[in-house]
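Undergrad: Let me see the structure of the following:
(one chain, ligands or ions: 1)
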Amino acid sequence: MQFNHIDFDTYFKNYPDADGFFGKYGGSYIPQELQTAMDEITEAYYTICKSSKFISELRRIRKEFQGRPTPVSYLERLSARLGNVQLYVKREDLNHTGAHKLNHCMGEALLAKYMGKKKVIAETGAGQHGVALATAAAYFGLSCDIYMGAVDIKKQAPNVARMKILGANVIEVTDGLQTLKEAVDAAFMAYCKEYKDAIYCIGSVVGPHPFPMMVRDFQSIVGIEAREQFIEMTGELPDAVVACVGGGSNAMGIFSGFLNDPVDIYGVEPLGRGPALGDHAASLAYGSEGIMHGFNSIMLKDADGGPAPVYSVASGLDYPSSGPEHAFLHDLGRVKYDVISDDETIDAFFALSRMEGIIPAIESSHAVAYGIKLAKQMNNGSILINLSGRGDKDMDYIIEKYGIR
Ligand SMILES: Cc1ncc(COP(=O)(O)O)c(C=O)c1O
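TA: The predicted model follows:
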């Protein structure tokens with residue numbers, strides 16, 4: 001399919017280019033010493049991603065350890081309530097550890113093992129990436145340091161306990177807003193000191209090359225499975241595909257299965273309390289081009305041009321930038337990016353729980369809310385929503401803040 005002169009038949013061969021660029025976005029803006037470490041990771045990845053040994057090991061892990069393929073479920077009662085549009089969800093909540101994050105963590109940890117590294121380092125917001133990496137580290141016998149903002153440590157206590165039980169060191173970050181951006185800052189600093197023995201396993205399609213590409217490739221299993229399953233279930237493609245976007249890994253995972261199809265694709269960012277700077281984390285909706293954490297993308301800036309303070313009810317979405325490939329697809333117009341507020345999110349959280357028996361993560365509830373909104377605008381057709389994770393981690397917080405509705 002051609003879209004704004006981009007040929008999606010050959011898209012994955014051409015994007016990113018050899019320097020990690022998706023058009024003008026992406027790249028690697030880091031000190032030379034770290035660049036040498038990134039080049040090593042890039043080279044190792046290019047070798048193993050073509051190796052049948054690595055591919056078959058990853059396939060075995062996905063099947064026997066993660067429980068893949070995850071199913072696609074038809075939301076019969078919710079669809080009936082909304083009218084004539086049929087809603088479906090790709091069940092990444094049923095992936096082992098409860099979210100899509102394990103898809104890239106098992107790949108990253110397998111790469112660490114191949115490279116002879118003894119340790120994995122990462123940041124986490126909602127704790128899902130931290131839990132997934134702690135799980136991968138336990139599986140492969142690697143040590144694991146997870147950096148997490150003090151605010152998120154309080155908010156996502158069950159995931160902190162899980163990481164500790166799995167044997168990870170959870171390191172509290174008390175700088176700035178004490179959330180995801182500061183956790184990334186701290187993990188990056190630690191990696192600068194430890195890159196000889198450790199790999200920084202970035203938790204989304206962000207950071208310097210090769211991470212946006214590598215994490216996308218590991219997550220593409222979501223889109224490959226979902227496309228096949230949807231056609232098997234309905235005999236056709238969905239009319240629309242929807243996913244929430246923090247850094248953008250679950251979204252790139254499912255989108256990559258449909259970029260070359262006549263399917264409308266929607267990325268959903270968190271509008272939080274509203275459109276004023278500081279009240280949301282909708283970088284693609286309100287941001288401008290800028291570099292942070294080693295990559296060029298579209299980001300929210302403060303008055304000095306640095307990363308702006310951000311907020312979302314979803315700890316996993318409150319990041320002031322998003323993956324460079326999303327910025328590229330945004331500018332191309334291939335993916336439409338839109339926003340969902342905290343209130344709409346919480347309504348969707350309860351709607352899916354009450355009408356379908358599925359408790360979604362607050363992050364994923366943004367996508368569910370958008371799917372519901374879209375269904376009300378469409379006369380007929382089908383919508384596939386990526387349910388990136390389950391809401392066990394959020395239940396205490398929701399009950400405390402919003403009560404049982
Ligand atoms: C369940 C879930 N969905 C989505 C996200 C957002 O990350 P990404 O945009 O990389 O998919 C997170 C992050 O922690 C998450 O836990």
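Undergrad: got any ranges where the stretch 51-200 of the chain has weak pLDDT?
TA: Counting by pLDDT under 70, the stretch 51-200 of the chain contains no low-confidence segment.
Undergrad: Following the chain onward from the helix or strand containing residue 241, which element is next?
TA: With elements taken from DSSP states H and E, the one containing residue 241 is strand 240-244. Per DSSP H and E, the first helix or strand lying C-terminal to strand 240-244 is helix 249-255.
Undergrad: can you list contacts of that next one?
TA: The list of residues contacting helix 249-255 from outside it, by C-beta atoms under 8 Å, 6 or more residues apart in numbering, reads 90, 92, 99-101, 103-104, 203-205, 215-216, 219-223, 226, 241, 243-245, 265, 267, 323, 325-326, 329, 335, 364, 384, 386, 388-389. For glycine as for every other residue, the C-beta is placed from the backbone atoms N, C-alpha and C.
Undergrad: That helix near the ligand anywhere?
TA: Yes. Using C-beta under 6 Å from any ligand atom, helix 249-255 reaches the ligand at 249-251.
Undergrad: need the residues you listed in JSON lines with pLDDT and neighbour count, can you?
TA: Compiled in JSON lines, the residues of helix 249-255 next to the ligand are given as follows (pLDDT from 0 to 100; neighbours: other C-beta atoms under 10 Å):
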{"residue": "249", "pLDDT": "98", "neighbour count": "28"}
{"residue": "250", "pLDDT": "98", "neighbour count": "33"}
{"residue": "251", "pLDDT": "99", "neighbour count": "37"}
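Undergrad: of those residues, closest to residue 69?
TA: Nearest to residue 69 among the residues of helix 249-255 next to the ligand: residue 250, at 15.5 Å, using C-beta to C-beta.
Undergrad: Run a quick neighbour tally on residue 380.
TA: Per other C-beta atoms under 10 Å, the neighbour tally for residue 380 reads 10.
Undergrad: mind listing what it touches?
TA: Going by C-beta under 8 Å, 6+ apart, residue 380 touches 84-85.
Undergrad: can you check residue 370 too?
TA: Applying C-beta under 8 Å, 6+ apart, we find residue 370 in contact with 242, 266, 268, 338, 340, 385.
Undergrad: Do you know the pLDDT at it?
TA: Per-residue confidence for residue 370 comes out at a pLDDT of 99.
Undergrad: Next up, phi/psi of it, please.
TA: Reported as degrees, to the nearest 10, the phi and psi values for residue 370 are phi -70, psi -40.
Undergrad: how close does it get to residue 351?
TA: Distance from residue 370 to residue 351, counting by C-beta to C-beta, to the nearest Å: 12 Å.
Undergrad: picking up where we left off before, the strand holding residue 241 - which strands sit beside it in the sheet, and in what orientation?
TA: Partner strands for strand 240-244, per DSSP bridges, with pairing direction: strand 264-272 (parallel), strand 381-387 (parallel).
Undergrad: The longest one and the ligand in contact?
TA: No. Among the residues of strand 264-272, none lie within reach of the ligand under C-beta under 6 Å from any ligand atom; the closest is 9.0 Å away.
Undergrad: How about the shortest one?
TA: No. Contact of strand 381-387 with the ligand is not found when judged by C-beta under 6 Å from any ligand atom; the minimum separation is 8.5 Å.
Undergrad: Touching that strand from outside, list them.
TA: Residues outside strand 381-387 that contact it (C-beta under 8 Å, 6+ apart): 72, 85-93, 100, 222, 226, 230, 234, 236, 238-244, 250-251, 253-254, 358, 360, 364, 367-368, 370-371, 374-375.
Undergrad: could you redo the last one with a cut-off of 7 Å?
TA: Applying C-beta atoms under 7 Å, 6 or more residues apart in numbering, the external contacts of strand 381-387 come out as 85-93, 222, 226, 230, 234, 238-243, 250-251, 254, 360, 364, 367-368, 371, 374-375.
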